[in-house]
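Peer 1: Quick one: sequence and predicted model below, then my questions.
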Amino acid sequence: MKFIIKDVCCPKCNAVEMHPNGKRLLIRGFKYADENGKWWSQCLVCSGGYDENLVFNQENHNPSKGWF
């Protein structure tokens, strides 16, 4: 069976994968696979990387947050 995922959306904040400017990511889709073979994505909004105006600030990004 083959699954095709067209769009990734954060289940917590509803951010979509691409930034509205089309040049940056809001979600790192299917970035990490755990030992059970489950794929995880990271929402950079929920990890603190983006502020309410979707301006990215690396200093605020917490790599351990935003996973789904």
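Peer 2: Good, I have the coordinates.
Peer 1: now the longest strand along the chain: mean pLDDT?
Peer 2: Longest strand in the chain, counting residues (DSSP state E): strand 27-33. The pLDDT scores in strand 27-33 average 93.
Peer 1: Format the CA atom coordinates belonging to it as PDB.
Peer 2: These are the backbone C-alpha positions of strand 27-33, laid out as PDB (Å, rounded to 0.1, in the frame of the first residue of the first chain):
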ATOM      1  CA  ILE A  27       6.900  22.400   9.500                       C
ATOM      2  CA  ARG A  28       9.800  20.000   8.900                       C
ATOM      3  CA  GLY A  29       7.700  17.200   7.500                       C
ATOM      4  CA  PHE A  30       8.600  13.500   8.300                       C
ATOM      5  CA  LYS A  31      12.100  14.500   9.400                       C
ATOM      6  CA  TYR A  32      12.800  11.800  12.000                       C
ATOM      7  CA  ALA A  33      12.000   8.000  12.200                       C
END
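Peer 1: any idea of the angle the helix or strand following that strand forms with strand 27-33?
Peer 2: Sequence order places strand 39-43 as the next helix or strand after strand 27-33, per DSSP states H and E. If you take axes from the mean of the first three to the mean of the last three Cα atoms, to 10 degrees, strand 39-43 sits at 150 degrees to strand 27-33.
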